[in-house]
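A.B. asks: take this sequence and fold it.
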Amino acid sequence: MQSTVEKTRAAVHTLIQSLDPALIALVGTSRDLEAIVDKQFDWQVRAHRWYAVISRGDHIHAVADIDGQRISLQRYVMKLQYPDRSYDDLKQVSFENKITFDCRVSNLEHRVGRQAVMRNRRSKRNTSSQYKGVIKALGQDGSPRWRTQIMADHGSMGIGVYEDEHWAATVYDAAAYLLFEGEALYNFPGRPPDQDALLIAATKIARYRAKAKRQKGTAAMQEIPMEVGNST
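C.D. replies: All right, here's what the predicted structure looks like:
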């Protein structure tokens, strides 16, 4: 089985074959890896020493120590692209093709909103459940129930209450898949979403969105001043 480093090296090598060499630059890092950046940023990127760092098991990124901070290459490139933004504004940067050493601007998606947070955050710790997006509750008879909820653009969305904790986590993964285009952090990574869970999640999401739309329409109507007709 290939290691994370070997997979990254192979993915970068394959990608390079399809790119115009006049438009890209290759930046060396530790672990004998190279990262891809836009040619226009070549000299700025090369001014720093880059390290290939593995975190959270098999996530690998190129990082450097810049102005007393540990900055990832993708954030640094986005800062070069948008110099008026701070690094704090550029925390949520993801990769369209999932290759973390392809740091061309065209491959980097910058989303500051809830969707980016959901796609990049780690699993929760010190909660009532071992699974992300699952909260322990008690039924009327005192037996444990497991409530599934997920954060979306309009706030916290309830995806149902279930008797089985594992199934609640499965439904969460299905909802994350539907909401975030299959790019969220899952409870069961590498496993395709369960078809029954997808049906449940799709129904819950549709109901939530319909309710949010109705509430938005009601609020808009309340803001419209009523016209007073002229009496004759």
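
A.B. asks: for the rest of this, base every contact and every neighbour count on C-alpha atoms.
C.D. replies: Noted.

A.B. asks: tell me where the model's unsure across this structure.
C.D. replies: 1, 56-57, 110-127, 153-154, 181-183, 216-232 (pLDDT under 70).

A.B. asks: could I get the full set of strands for it?
C.D. replies: All strands of the chain, identified by DSSP state E, fall at 24-28, 34-38, 51-55, 59-66, 69-72, 93-95, 108-110, 134-138, 144-152, 155-162.

A.B. asks: so can I have JSON lines of these showing mean neighbour count and distance to residue 185?
C.D. replies: Output for these, formatted as JSON lines (neighbours: other Cα atoms under 10 Å; distance: least, Cα to Cα, whole Å):
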{"stretch": "strand 24-28", "mean neighbour count": "19", "distance to residue 185": "28"}
{"stretch": "strand 34-38", "mean neighbour count": "22", "distance to residue 185": "24"}
{"stretch": "strand 51-55", "mean neighbour count": "16", "distance to residue 185": "14"}
{"stretch": "strand 59-66", "mean neighbour count": "18", "distance to residue 185": "12"}
{"stretch": "strand 69-72", "mean neighbour count": "14", "distance to residue 185": "19"}
{"stretch": "strand 93-95", "mean neighbour count": "20", "distance to residue 185": "12"}
{"stretch": "strand 108-110", "mean neighbour count": "18", "distance to residue 185": "16"}
{"stretch": "strand 134-138", "mean neighbour count": "19", "distance to residue 185": "14"}
{"stretch": "strand 144-152", "mean neighbour count": "20", "distance to residue 185": "12"}
{"stretch": "strand 155-162", "mean neighbour count": "16", "distance to residue 185": "17"}
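
A.B. asks: need those in CSV with distance to residue 17, can you?
C.D. replies: Shown next, in CSV, are the strands of the chain (distance: least, Cα to Cα, whole Å):
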stretch, distance to residue 17
strand 24-28, 11
strand 34-38, 12
strand 51-55, 22
strand 59-66, 21
strand 69-72, 25
strand 93-95, 19
strand 108-110, 19
strand 134-138, 44
strand 144-152, 38
strand 155-162, 43
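
A.B. asks: which among these is found nearest to residue 4?
C.D. replies: strand 59-66 (7.3 Å; Cα to Cα).

A.B. asks: direction included, what does that closest one pair against?
C.D. replies: strand 51-55 (antiparallel), strand 69-72 (antiparallel) (DSSP bridges).

A.B. asks: ok, back up a step: out of the strands of the chain, which is closest to residue 188?
C.D. replies: strand 134-138 (13.2 Å).

A.B. asks: what about the helices in this structure?
C.D. replies: For the chain, the helices defined by DSSP state H occupy 4-16, 42-46, 73-81, 114-120, 165-179, 195-223.

A.B. asks: tell me which other helices or strands the first one touches.
C.D. replies: For helix 4-16, the elements it packs on are strand 34-38, strand 59-66, judged by 3 or more Cα pairs under 8 Å, 6 or more residues apart in numbering; DSSP states H and E.

A.B. asks: can you list the domains in the protein?
C.D. replies: As given by automatic domain parsing, the domain ranges for the chain are 4-112, 124-220.

A.B. asks: centre of the chain to the last one, how far?
C.D. replies: Going by Cα atoms, centre = their mean, to the nearest Å, the spacing between the C-alpha centre of domain 124-220 and its chain's C-alpha centre is 16 Å.
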